[in-house]
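> next comes the sequence, and after it the predicted model I'd like to discuss.
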Amino acid sequence: MNYSSKESLQVKHVGVWLYSNSLMGTFLSLCFRLQYKQPSVVSGRTDVATVTPWLAPVVWEGTFEPELLDGVYRQKNVSIAVTVFAVGKYIRFLKDFLETAEQHFFVGFKVHVYVFTDRPAELPKVEMAAGRQLTVHPVPAAKRWQEISARRMEMIQRLIEETLLPGTDFIFCLDVDSKFHGRWGAESLGSLVAVVHPGYYKTERGGFPYERRPASRAYMAPGLGDFYYCGGAFGGDLHEVRLLAKTCRENFEADAKEGIEAAWQEESHLNRYMWLNKPSKVLSPEFLWQDFKPREREIHVVRFSGVVKNYAEIRPN
Ligand SMILES: CC(=O)N[C@H]1[C@@H](OP(=O)(O)OP(=O)(O)OC[C@H]2O[C@@H](n3ccc(=O)[nH]c3=O)[C@H](O)[C@@H]2O)O[C@H](CO)[C@H](O)[C@@H]1O
Ligand SMILES: [Mn+2]
């Protein structure tokens, strides 16, 4: 072909413009390297809902291309923080949690795990891949498990404000009494991310274990509610999660001053928050299953699951 000098200048300008646009650059370079199934707007999973009424994706196996997503976010060099609390006897769950995270959680990404524990001497030794690290934050022991679970919000808020901002892109806050069994990667990233609780994803909203006393700041009136989200896994970008943690913590403390503790502590406050501030991405119960529950038809992959435990033996009260 014979371009005139004017034409070739235009072609060059278009090229420069494309490559100066980082997102476009990402997609162009991915297109050259990646082979994946052609997306379709008329076929896909039909056994589950893949979008909420406020147009947030609901993430299920079969709704995303793992390689494509990893490629998009790896080029952005994103960093991910994880908080996990292992207070009292719950330190026993940490080894499996960390080992399985190495196998399945954001493999190949920059991951920094923050462990909050009163037993730093009992920290398990787990080898971590390059780009992954762990920091221990000592916390006091507690007399009541409700206190531990509720105090998490305060510590997450402080960690974000004092250590993570600015510099870290995303954070996930996870229960320790759980293991990873399958991929948990870039498909989970979003500004405010909630996980649908595995125990209530087919329940009518009237049956959700929300806080039902109007005196509590976690109150949910009958007839309201989207999904029942779990307290054992949530996340998002640092600003959104800071606001969530701060709000839940303030509401929890204001309730406590009036002698009221929500039915499921911070989980109740989180549910109230997510009702008022809709999550930008909803993760299906694949992202927090429970080992004691038989696998259901629509669960094609269990990514993360709570282990069976003897509450009376491991909790302080
Ligand atoms: C699947 C799920 O969503 N689980 C939620 C549910 O819990 P679970 O029954 O799974 O609660 P849990 O006993 O796992 O406690 C929540 C978390 O608090 C920490 N911990 C608790 C007790 C203790 O002695 N030491 C300690 O470190 C630990 O990280 C644990 O994973 O209800 C709790 C009530 O508030 C929380 O909302 C949990 O997130
Ligand atoms: Mn748990």
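Now that the structure is in, tell me what you want to look at. Ligands and ions are numbered 1, 2, ... in the order given.

> nearest spatial neighbour of Tyr73, chain-adjacent residues omitted?
Ala186 (4.1 Å; Cβ to Cβ, 6 or more residues apart in numbering). C-beta: built from backbone N, CA, C; applies to glycine.

> the one you found contacts Leu68, correct?
No - no contact is recorded between Ala186 and Leu68 when judged using Cβ atoms under 8 Å, the distance being 9.1 Å.

> of the two, who's got more company?
Between Ala186 and Leu68, counted using other Cβ atoms under 10 Å, Ala186 has the larger neighbour count: 23 against 18.

> quick one: the more buried one from Thr117, how far?
Per Cβ to Cβ, to the nearest Å, Ala186 is found 28 Å from Thr117.

> cool, and Ser149?
When distance is defined by Cβ to Cβ, Ser149 is 14 Å away from Thr117.

> for Cys230, same thing?
Here the distance between Cys230 and Thr117 works out to 22 Å (Cβ to Cβ).

> try Gln265
Between Gln265 and Thr117 the distance is 19 Å, computed by Cβ to Cβ.

> may I ask which helix or strand encompasses Ile156?
Counting by DSSP states H and E, the element that carries Ile156 is helix 145-159.

> does any bit of that helix sit next to ligand 1?
Yes - judged by Cβ under 6 Å from any ligand atom, helix 145-159 comes into contact with ligand 1 through Trp145, Ile148, Ser149.

> quick one: Ala81 is in a strand?
Yes - with DSSP: H, G, I helix; E, B strand; the rest coil as the criterion, Ala81 is located in a strand.

> who's in contact with the residue lying closest to Lys246 once chain neighbours are set aside?
Closest residue in space to Lys246, ignoring its immediate chain neighbours: Gln157 at 5.0 Å, by Cβ to Cβ, 6+ apart. When contacts are counted by Cβ atoms under 8 Å, 6 or more residues apart in numbering, Gln157 is found next to Arg242, Ala245, Lys246, Arg249.

> buried ones among those residues?
Burial by neighbour count, 16 or more other Cβ atoms under 10 Å: within these this picks out Arg242, Ala245, Lys246, Arg249.

> tell me which of the residues you listed is nearest to Arg213?
Proximity of the buried ones among the contacts of Gln157 to Arg213 was ranked by Cβ to Cβ; the top entry is Arg249 with 19.4 Å.

> for the helix or strand containing that closest one, packing partners?
Counting by DSSP H and E, the element that carries Arg249 is helix 238-257. Using 3 or more Cβ pairs under 8 Å, 6 or more residues apart in numbering; DSSP states H and E as the contact criterion, the elements in contact with helix 238-257 are helix 145-159, strand 170-174, strand 192-196, strand 229-237, helix 265-276.

> mind redoing it with 7 Å?
Contact here means 3 or more Cβ pairs under 7 Å, 6 or more residues apart in numbering; DSSP states H and E; on that basis helix 238-257 packs against helix 145-159, helix 265-276.

> so which bits of the chain are right by ligand 2?
Contact residues, the chain versus ligand 2 (Cβ under 5 Å from the ion): Asp175, Asp177, Gly232.

> this structure: strands as residue ranges?
Defined through DSSP state E, the strands belonging to the chain, from first to last, are 58-59, 79-86, 110-117, 132-138, 170-174, 178-180, 192-196, 229-237, 281-283, 289-290, 304-306.

> could I get those strands as TSV with mean neighbour count?
Formatted as TSV, the entries for the strands of the chain read as follows, by neighbours: other Cβ atoms under 10 Å:
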stretch	mean neighbour count
strand 58-59	20
strand 79-86	23
strand 110-117	21
strand 132-138	15
strand 170-174	25
strand 178-180	21
strand 192-196	25
strand 229-237	24
strand 281-283	25
strand 289-290	20
strand 304-306	24
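
> wait, which of the ones you listed is closest to Phe208?
Taking Cβ to Cβ as the measure, the strands of the chain were each checked against Phe208, and strand 229-237 came out nearest at 9.6 Å.

> report whether the helix holding Arg249 contacts ligand 1.
No - against ligand 1, helix 238-257 shows no contacts by Cβ under 6 Å from any ligand atom, the least distance being 10.6 Å.

> got the buried residues for that helix?
Using 16+ other Cβ under 10 Å as the test for burial, helix 238-257 gives 238, 240-249, 251-252, 255.

> no further queries at this time; thank you.
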